[in-house]
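In: Sequence plus the predicted model coming up.
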Amino acid sequence: MSRKPTLAEIGAFLAHVRAASPGADPGPLLSEKADLLERIANANPGDQDAADVAREARAAADRHNRNGG
């Protein structure tokens, strides 16, 4: 079973969001968000909502990366 993100990891992600410059490439943040949400979903296998949100986040990150950022 996957390990849930720690509060420190979530805090670090939020710090990255706050530090992001307007107009900067959101690709790294989209990927980081998807990674965290996938870990949450994997740690909670019975939570369909978590799985759906994680899947949508990964799709958005992948779409962004395919389109060259």
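Out: Thanks, I have it. Numbers count the residues shown, from 1 in each chain.

In: Could you list the buried residues of stretch 22-40?
Out: 29-40 (16 or more other CB atoms under 10 Å). No exception for glycine: its C-beta is placed from N, CA and C like everyone else's.

In: for stretch 45-59, same thing?
Out: Neighbour-count burial for stretch 45-59 [16+ other CB under 10 Å]: 50-51, 53-54, 57-58.

In: For that stretch, what is the distance to the chain centroid?
Out: 11 Å (CA atoms, centre = their mean, to the nearest Å).

In: could you say what helices and strands the lengthiest helix in the chain packs with?
Out: Secondary structure of the chain per DSSP state H: the longest helix is helix 48-66. If contacts are counted by 3 or more CB pairs under 8 Å, 6 or more residues apart in numbering; DSSP states H and E, helix 48-66 sits against helix 27-43.

In: Show me the contact partners of the helix it packs on.
Out: 1-5, 9-10, 13, 16-17, 20, 47, 50-51, 53-55, 57-58, 60-61, 64-65, 69 (CB atoms under 8 Å, 6 or more residues apart in numbering).

In: hmm, 7 Å instead?
Out: 1-5, 9-10, 13, 16-17, 20, 47, 50-51, 53-54, 57-58, 60-61, 64-65, 69 (CB atoms under 7 Å, 6 or more residues apart in numbering).

In: can I have it written out in CSV, keeping just the CAs?
Out: Output of helix 27-43 as CSV, limited to C-alpha atoms (Å, rounded to 0.1, in the frame of the first residue of the first chain):
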residue,chain,number,x,y,z
GLY,A,27,3.4,21.8,-15.4
PRO,A,28,5.6,21.0,-12.4
LEU,A,29,2.9,22.0,-10.0
LEU,A,30,0.3,20.0,-11.9
SER,A,31,2.5,16.9,-11.7
GLU,A,32,3.3,17.4,-8.1
LYS,A,33,-0.4,17.8,-7.2
ALA,A,34,-1.3,14.7,-9.2
ASP,A,35,1.5,12.7,-7.4
LEU,A,36,0.1,13.7,-4.0
LEU,A,37,-3.5,12.9,-4.9
GLU,A,38,-2.5,9.6,-6.4
ARG,A,39,-0.7,8.7,-3.1
ILE,A,40,-3.8,9.7,-1.2
ALA,A,41,-6.1,7.6,-3.4
ASN,A,42,-3.7,4.6,-3.3
ALA,A,43,-3.7,4.8,0.5
